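Trainee: kindly generate the corresponding structure for this input.
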Amino acid sequence: MTTKNRYIAIIVLITLILLGFLGWWLASGSHSGATGTGGSSSFQKTLQNFFPFGNPAGTSTAQAQGQGSSGASTGQTINESGSNAPGILPRLRELSSEPVAGAGIFSLPISASLRSTSTSTASSSDFVIYVEKGTGHVYREYTDSPTQELLSATTIPKIDTAYVGANRAVAYQYFKSDNETLETFLGHVADPVIATTSSSNTTPASGKVSGIFLPQDIYRFDIGPAGDRIFYLTQGVDSDTGYVANIDGSKSTQVFSTPLRELDLSWPTTDTVLLNTSPDSSVDGYLFALDVATKNVSQVLGGIPGLTAIANPDLSDYIYSASTFNGFVTHVYKPSTNFDATTSITTLPEKCAWSTVNVNIAYCAVPTSIPQAGYPESWYLGDVSFSDNIWKLDLKAGTSTEILNFSQQSGGQSADMIDLSVSQGDRYLIFTNKKDNILWGYRLTATANGFI
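Mentor: Predicted structure coming up:
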């Protein structure tokens with residue numbers, strides 16, 4: 001080898017060593033720079049943009065500097081205008097990190113909410129109470145705070161369904177070890193020692209759930225709108241029987257008996273329980289109104305295939321769905337005038353919740369598309385799943401308006417929404433995603449700082 005070639009080889013070798021060291025230095029990010037984000041100097045970021053090995057494969061420069069796929073920097077949220085808003089809760093957010101069995105939203109005057117701090121400027125404080133499906137633990141979360149309070153660490157595993165009422169009344173339904181016997185436990189969450197769950201740790205609460213077991217094999221259950229009574233259905237050999245009792249389970253009274261089986265129920269107003277025959281697209285359905293005070297039963301709707309329905313708090317409007325060939329249609333019915341018409345949206349009534357300020361308005365989760373199938377049973381059984389957005393339906397005006405495009409505001413996620421509920425004053429809406437049972441919250445009205 002000539003002297004010239006030897007010098008060239010040495011220079012190439014030294015260059016390769018330097019490039020290798022530079023690549024390791026950029027990739028390690030273990031040093032601290034004078035400026036920049038995440039401990040990188042401006043010089044390092046310039047080199048990272050120039051040399052592709054400065055970032056992990058398939059990761060953009062923004063992500064390498066501490067941003068997630070949604071574009072939000074660590075510790076920040078993105079508001080609807082797209083600007084960073086540190087410390088401000090997003091308008092749409094997950095309220096639970098684990099699947100829930102049931103939830104409720106409630107309001108208290110600020111002076112009675114027992115809160116040490118609040119960022120709310122409203123005269124009342126909205127909060128959500130929910131029950132974890134896997135553990136039975138009970139949590140409370142205020143709608144203007146990300147902090148979760150552990151109200152009860154009493155463990156009741158593998159809950160099928162939970163019901164949450166005012167004043168921390170809860171009811172759990174779960175199958176015993178034989179996987180056949182359905183137990184219903186009716187209880188109350190005692191006042192806990194203050195405990196919080198954060199991203200870093202959990203402090204157990206001393207609050208416990210105490211209560212009683214109701215009769216076995218209660219297949220339908222609900223807490224009254226005032227939170228002071230319960231209604232449940234049991235299945236006998238020849239008939240199904242309905243009972244009403246106080247919220248603590250006392251003074252249980254039979255108010256209904258029928259040869260019909262597998263009824264669905266809802267409790268829209270103080271003394272009226274609605275009973276719906278089990279909906280199936282191949283069977284005509286019927287809806288009955290039971291007055292729990294007089295024990296009188298009257299038919300509201302009937303002879304409608306796949307019928308499922310809900311009523312507003314004064315029973316002046318009903319939203320119901322009727323099965324069609326490989327689909328369904330949504331109707332509004334006014335019993336006072338016998339008015340019946342299709343609505344401008346197509347959804348199942350179970351996906352709607354009534355406004356708390358206007359009995360003519362409902363908030364509904366509306367599927368973006370509806371696959372051909374027999375409804376509602378295909379959806380009940382999980383053979384069909386929807387991707388929903390939230391619409392505001394005004395039955396008096398005959399109009400509907402989309403108020404939440406879930407996919408756009410959640411970063412491309414999809415939700416099959418169930419168990420919608422609206423706070424007092426129509427300030428906040430909660431729902432559960434049927435796909436994974438995660439609880440979500442959506443702010444309907446502006447905060448002091450406007451929508452976020």
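
Trainee: can you confirm Y139 is in a strand?
Mentor: Yes. Checked against DSSP: H, G, I helix; E, B strand; the rest coil, Y139 lies within a strand.

Trainee: show me the beta-bridge partners of the nearest residue to it once chain neighbours are set aside.
Mentor: Closest residue to Y139 apart from its sequence neighbours, by C-beta to C-beta, 6 or more residues apart in numbering: Q148 at 5.0 Å. In short, each C-beta sits where N, CA and C put it, glycine included. On the basis of DSSP bridges, Q148 is bridged to E141, T197.

Trainee: cool, and F256?
Mentor: Note on F256: beta-bridge partners G242, judged by DSSP bridges.

Trainee: give me the below-cutoff pLDDT ranges for the stretch 101-250 of the chain.
Mentor: Within the stretch 101-250 of the chain, the stretches with pLDDT under 70 are 110-124, 191-206.

Trainee: ranges for the helices of the stretch 301-450 of the chain?
Mentor: Per DSSP state H, counting those that start in this stretch, the stretch 301-450 of the chain has helices spanning 377-380, 406-409. These are given in chain order.

Trainee: can you point out the buried residues in the last one?
Mentor: Buried residues in helix 406-409, counting neighbours by 16 or more other C-beta atoms under 10 Å, are found at 406, 409.

Trainee: next one: the first one
Mentor: Applying a neighbour-count criterion of 16+ other C-beta under 10 Å, the buried positions in helix 377-380 are 377-379.

Trainee: with stretch 264-274 instead?
Mentor: Of the residues in stretch 264-274, those buried by neighbour count under the rule 16+ other C-beta under 10 Å are 264-269, 272-274.

Trainee: now do the same end-to-end measure for that stretch.
Mentor: Start and end residues of stretch 264-274 are separated by 8 Å (C-alpha to C-alpha, to the nearest Å).

Trainee: got it, and stretch 336-347?
Mentor: Taking C-alpha to C-alpha as the measure, stretch 336-347 stretches 24 Å from start to finish.

Trainee: give me the sheet partners of the helix or strand hosting E183 and which way each runs.
Mentor: In the assignment (DSSP states H and E), E183 maps to strand 182-189. Under the criterion DSSP bridges, strand 182-189 sits next to strand 169-175 (antiparallel), strand 209-213 (antiparallel) in its sheet.

Trainee: follow-up on the earlier one: quick one: which of the helices of the stretch 301-450 of the chain is nearest G187?
Mentor: helix 377-380 (28.0 Å; C-beta to C-beta).

Trainee: state the mean pLDDT of that closest one.
Mentor: Mean pLDDT, computed over helix 377-380, is 98.

Trainee: how far does that helix sit from the chain's center?
Mentor: Centroid displacement of helix 377-380 relative to its chain, using C-alpha atoms, centre = their mean, to the nearest Å, is 19 Å.

Trainee: who's in contact with that helix?
Mentor: Residues outside helix 377-380 that contact it (C-beta atoms under 8 Å, 6 or more residues apart in numbering): 279-281, 306, 348, 373, 384-386.

Trainee: switch to 10 Å and redo it
Mentor: Counting by C-beta atoms under 10 Å, 6 or more residues apart in numbering, helix 377-380 makes contact with 278-283, 306, 308, 323, 326, 328, 348, 350-351, 367, 370-373, 383-386, 416, 418, 434, all of which sit outside it.

Trainee: okay if I get the strands paired with strand 182-189 as JSON lines plus distance to V297 and mean neighbour count?
Mentor: As requested, these are arranged in JSON lines below (distance: least, C-beta to C-beta, whole Å; neighbours: other C-beta atoms under 10 Å):
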{"stretch": "strand 169-175", "distance to V297": "24", "mean neighbour count": "22"}
{"stretch": "strand 209-213", "distance to V297": "28", "mean neighbour count": "14"}
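
Trainee: out of those strands, which is closest to D317?
Mentor: Where those are weighed against each other on C-beta to C-beta, the nearest is strand 169-175, at 28.1 Å.

Trainee: quick one: work out the angle between that closest one and strand 138-142.
Mentor: Angle between the axes of strand 169-175 and strand 138-142 is 130 degrees (criterion: axes from the mean of the first three to the mean of the last three C-alpha atoms, to 10 degrees).

Trainee: using CSV, list the CA coordinates for strand 169-175.
Mentor: Taking C-alpha atoms only, strand 169-175 is exported to CSV below (Å, rounded to 0.1, in the frame of the first residue of the first chain):
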residue,chain,number,x,y,z
ALA,A,169,-76.5,4.6,47.7
VAL,A,170,-75.2,1.7,45.6
ALA,A,171,-76.4,-1.7,44.4
TYR,A,172,-74.3,-4.5,43.1
GLN,A,173,-75.4,-7.5,41.0
TYR,A,174,-73.0,-10.4,40.5
PHE,A,175,-73.1,-14.1,39.9
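
Trainee: show me the contacts for A322.
Mentor: 279, 281, 284-285, 301, 304-309, 328-331, 342, 375.

Trainee: are any of those residues buried, and which?
Mentor: With neighbours counted by 16+ other C-beta under 10 Å, the contacts of A322 contain buried members at 279, 281, 285, 301, 304-309, 328, 330-331, 375.

Trainee: from those, which land in strands?
Mentor: Here DSSP state E is the test, and these give 285, 301, 304-305, 308-309, 328, 330-331 as lying in strands.

Trainee: wait, which of these is closest to F221?
Mentor: T308 (17.9 Å).

Trainee: how far away is the residue lying closest to the closest one once chain neighbours are set aside from M417?
Mentor: In this structure, T308 finds its nearest non-sequential neighbour in P279, 4.5 Å apart by C-beta to C-beta, 6+ apart. Counting by C-beta to C-beta, to the nearest Å, the separation of P279 from M417 is 19 Å.

Trainee: could you dump the buried residues of helix 377-380 to JSON lines with distance to G425?
Mentor: Listed next are these as JSON lines, based on distance: C-beta to C-beta, whole Å:
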{"residue": "E377", "distance to G425": "36"}
{"residue": "S378", "distance to G425": "37"}
{"residue": "W379", "distance to G425": "31"}
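
Trainee: closest to E402 out of the residues you listed?
Mentor: When those are compared for distance to E402 (C-beta to C-beta), W379 comes out closest, at 21.0 Å.

Trainee: residues contacting the residue nearest to T308?
Mentor: P279 sits next to 262, 264, 285, 287, 304-309, 320-323, 328, 348, 350, 375-377, 380 when contact means C-beta under 10 Å, 6+ apart.

Trainee: look up the pLDDT of it for me, please.
Mentor: Here, the pLDDT recorded for P279 equals 97.

Trainee: where do the helices sit along the stretch 101-250 of the chain?
Mentor: If DSSP H, counting those that start in this stretch is used as the criterion, the stretch 101-250 of the chain turns out to lack helices entirely.

Trainee: which residues in it form strands?
Mentor: Taking DSSP state E, counting those that start in this stretch as the criterion, the stretch 101-250 of the chain contains strands spanning 124-132, 138-142, 148-152, 161-164, 169-175, 182-189, 196-197, 209-213, 218-223, 229-235, 240-246.

Trainee: and the longest one, what does it pack onto?
Mentor: Right, strand 124-132. In terms of contacts (3 or more C-beta pairs under 10 Å, 6 or more residues apart in numbering; DSSP states H and E), strand 124-132 is packed against strand 100-109, strand 138-142, strand 148-152, strand 161-164, strand 169-175, strand 428-433, strand 438-443.
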